[in-house]
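A.B. asks: Mind looking at a prediction? Sequence and model below.
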Amino acid sequence: MKSSQRHTAFAVGTLALSLVGAPLLAQANQQQRGMPPNQDTPYILIATFHSSDRKLGADMADELRKRIANERSAKELYVIPKTNVNNTLEASGYKPDSALNSSDLMELAKQLRGEQVIDGTVNKSANGIHVETRVLMRTGQQTVAQPLPPIDAKDPGDAASKIERALTEASKSFPAYKTCTNDLRAGKYPEAIKEAQAGIAAYTNSSLARLCILTAYSSQKAPADSIIAVAKALTTIDPTSMIALANLADAYLAKGDTAASIQTRIAMSKQDPSNTGLMRGIIQELAQSGAPEKALPLIDTLLVQNPGDPEMIRTKWLLQLRAKQYKNALATGAELIKADTAAATVDYFSRQIGAAQADSNAAAVQQLATAAGQRFPNDPSFSLLLAQGYMKAGQLQQALTAAQRAATANPKDTRPWLFILAVQNQLKQPDSVLATAQKAIAAGVPKDSLANSLLAVVAPALKKAQDSKARADWEEALKAAQTVDAVAPSAQTKFYVGVSAFSIGQDAINNVQALMKSGKKDDKAQACVEAKTAEDSFATAGTAMPAGGSVNKEAATQIMGALGQYGEYITQVKTALKCK
């Protein structure tokens, strides 16, 4: 039952009781000596104890009512009769033997004028029963608790006797607590502390007196160490005290002990898991403290209460990424976009793909990149990632298609073009490489950024020529180098042009020397042709090598030196043979 419904139900129950309750109350009053209670006599509510055995919980409450009523005068402490309790419960829609939570107990007590409430749990044990109780009271808007010592007894009657004695001892501190709280309201903090200390003297384990001191310290902004000392003493007696835990957490934080503050707030969350504001605060602190993995169980608790909450799922996802729990993050990320389709942003896909890569999950990378490319067709990054995946898998044609899609999405982005060139080189498509380079340059891609990729077109031809030493192969290497140099000139392309042309010229000189030894007319004519070839090739090498010399200074120096010698020799040959 919701809080507003519960309060209404108890209010209706009290109205119903007021119509029939007078004779019942008179009858009940006869069961407690010292009737009637005075105007200032505290009323105590004892409702069914929490128990795995519902009858045992009801019997324990009955025995405790009887015991206190027999031991205490109605003028000292008035026990609210069972009949009144049951009537109000029934009028409010509850069964008479209902075991209520603390909030409902306090609301029931309010309707029945109860100042004190016994909140208890009883269960069977090996030698009888085990009982834990605490006295609840309301101070302002807060519910405060005084735990009583746990009881082991043979039966409810035996336990009731022990609980009554424990209650009598604890009650010795109640008057001092009341005075202390009155002093707090009046701002008389030293007087409040003095009264609380008297309460502790009257009952050593008084949680209420320590609570009053803690409130006084907090109100006066006492040093953190003073607050910590009192709060820790209080939590030793009452580990469930949210007031003590809250003050303790704040004091630790004031001292700069973030770890202790967080641990204390986690203890608070266990006491009140429904407090989403508290839980979110802890999660944020844990995330900022560098311990995201400790926040994840808290998020799971919140998600149990609010399944499908996009904000919490996103927080969980981000924390899993930060904690490097990549496999879990992938699953949570998928859950996130199911809960909120708008969460599937570029940032989302980028993070998910990063998680998949870190998890070595190539299939997930491809799947995510495909989905991202479809959702954001104008972002080349995802198509490029897809291309990389295909390339790693050896699916070059698919890689080429994906890279071309990325280039279409953003023609000025150099990355897709370089990828296309790399794939086309692997496919041994030199003509396509050159055509792609020309398209890239036309789209605005800087020529120098393509140079290295285009050199891959020249390198195979150059190596083949170096291995075979055949002029035809050198001519192919020169053609490739000149073509690339025309598209994207660089020192490297100039050097390749110079080496290839020089090698062709050398071969021509060798042929000239062989032909000069022949007396045949045709051989002399051919010698003139070869001399012309050498002259043109050396001219090409001489033009290119100065710009390409930085690639290999030693080779460039040798070639440039040889060009001068060969130039004189060609002149002599042309003169001797009367070449036109």
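C.D. replies: Great, that's in hand. Residues are numbered from 1 along each chain as shown.

A.B. asks: can you pull the buried residues of the longest strand belonging to the chain?
C.D. replies: Counting residues, the longest strand found in the chain (DSSP state E) is strand 128-139. Going by neighbour count (16 or more other Cβ atoms under 10 Å), the buried part of strand 128-139 is 129, 130, 131, 132, 133, 134, 135, 136, 137, 139. For the C-beta atoms, the positions are set from N, CA and C on the backbone; glycine is no exception.

A.B. asks: Please pull up the helix or strand immediately following that strand.
C.D. replies: Where DSSP states H and E defines the elements, the next helix or strand beyond strand 128-139 is strand 142-147.

A.B. asks: Pull out the buried positions in that next one.
C.D. replies: Within strand 142-147, the residues scored as buried using 16+ other Cβ under 10 Å are 143, 144, 145, 146, 147.

A.B. asks: What's opposite the second one in the beta bridge?
C.D. replies: Counting by DSSP bridges, residue 144 is bridged to residue 137.

A.B. asks: which one among the buried residues of strand 142-147 gets closest to residue 525?
C.D. replies: residue 143 (118.5 Å; Cβ to Cβ).

A.B. asks: host element of the residue of the chain most remote from its centre?
C.D. replies: Taking Cα atoms, centre = their mean, the residue of the chain most remote from its mean C-alpha position is residue 519, at 89.5 Å. Following DSSP H and E, one finds residue 519 outside all helices and strands.

A.B. asks: heads up, I number from 26, so please use that
C.D. replies: With the count now opening at 26, the last piece we talked about shows up as residue 544.

A.B. asks: dump the residue contacts of it.
C.D. replies: For residue 544, the contact set (Cβ atoms under 8 Å, 6 or more residues apart in numbering) is empty.

A.B. asks: For it, give its distance to residue 599.
C.D. replies: Note on residue 544: its distance to residue 599, by Cβ to Cβ, to the nearest Å, is 18 Å.

A.B. asks: With residue 583 instead?
C.D. replies: With Cβ to Cβ as the criterion, residue 583 and residue 599 are 24 Å apart.

A.B. asks: So between these two, which is more surrounded?
C.D. replies: A count of neighbours by other Cβ atoms under 10 Å puts residue 599 above the other of residue 583 and residue 599, at 17 against 12.

A.B. asks: C-terminal to the helix or strand of the chain with the lowest mean pLDDT, what's the next element?
C.D. replies: Within the chain, judged by mean pLDDT, DSSP states H and E, the helix or strand with the poorest mean is helix 28-54; its value is a mean of 43. Going down the chain from helix 28-54, the next helix or strand is strand 68-71, by DSSP H and E.

A.B. asks: helices or strands up against that next one?
C.D. replies: Identification of packing neighbours for strand 68-71 by 3 or more Cβ pairs under 8 Å, 6 or more residues apart in numbering; DSSP states H and E yields helix 79-96, strand 103-104, helix 127-136, strand 141-150.

A.B. asks: Just name the most buried of the ones you listed.
C.D. replies: Among the helices and strands packed on strand 68-71, the stretch with the highest mean neighbour count (mean count of other Cβ atoms under 10 Å) is strand 103-104, at a mean of 26.

A.B. asks: Just give the strands next to that one in its sheet, each with its orientation.
C.D. replies: strand 68-71 (parallel).

A.B. asks: Please work out the average pLDDT along the strand it pairs with.
C.D. replies: Mean pLDDT, strand 68-71: 96.

A.B. asks: hmm, who's touching it?
C.D. replies: Outside strand 68-71, the residues that reach it (Cβ under 8 Å, 6+ apart) are 62, 86, 89-90, 93, 102-105, 110, 130, 133-134, 137-143.

A.B. asks: Going by neighbour count, list what's buried in it.
C.D. replies: If you call a residue buried by 16+ other Cβ under 10 Å, then strand 68-71 has these buried ones: 68, 69, 70, 71.

A.B. asks: Tell me the one among those nearest to residue 512.
C.D. replies: Closest approach to residue 512 among the buried residues of strand 68-71 (Cβ to Cβ): residue 70, at 93.0 Å.

A.B. asks: tell me how far the helix or strand harbouring residue 529 is from the chain's mean position?
C.D. replies: Element membership of residue 529, judged by DSSP H and E, is helix 516-541. Counting by Cα atoms, centre = their mean, to the nearest Å, helix 516-541 is centred 65 Å from the centre of its parent chain.

A.B. asks: cool, and stretch 414-426?
C.D. replies: That offset, for stretch 414-426, works out to 33 Å (Cα atoms, centre = their mean).

A.B. asks: Please apply the same query to stretch 372-379.
C.D. replies: Offset of stretch 372-379 from its chain centre (Cα atoms, centre = their mean): 13 Å.

A.B. asks: can you give me the mean pLDDT across the strand or helix carrying residue 221?
C.D. replies: Per DSSP H and E, residue 221 falls inside helix 214-227. Averaging pLDDT along helix 214-227 gives 95.

A.B. asks: what does that helix contact?
C.D. replies: If you take Cβ under 8 Å, 6+ apart as the criterion, helix 214-227 is touched by 197-202, 204-206, 208-209, 231, 233-235, 237-238, 240-241, 244-245.

A.B. asks: out of these, which are buried?
C.D. replies: 198-199, 201-202, 204-206, 208-209, 231, 233-235, 237-238, 240-241.

A.B. asks: follow-up on the earlier one: from residue 558, how far off is the residue farthest from the centre of the chain?
C.D. replies: Taken as Cβ to Cβ, the span from residue 544 to residue 558 is 22 Å.
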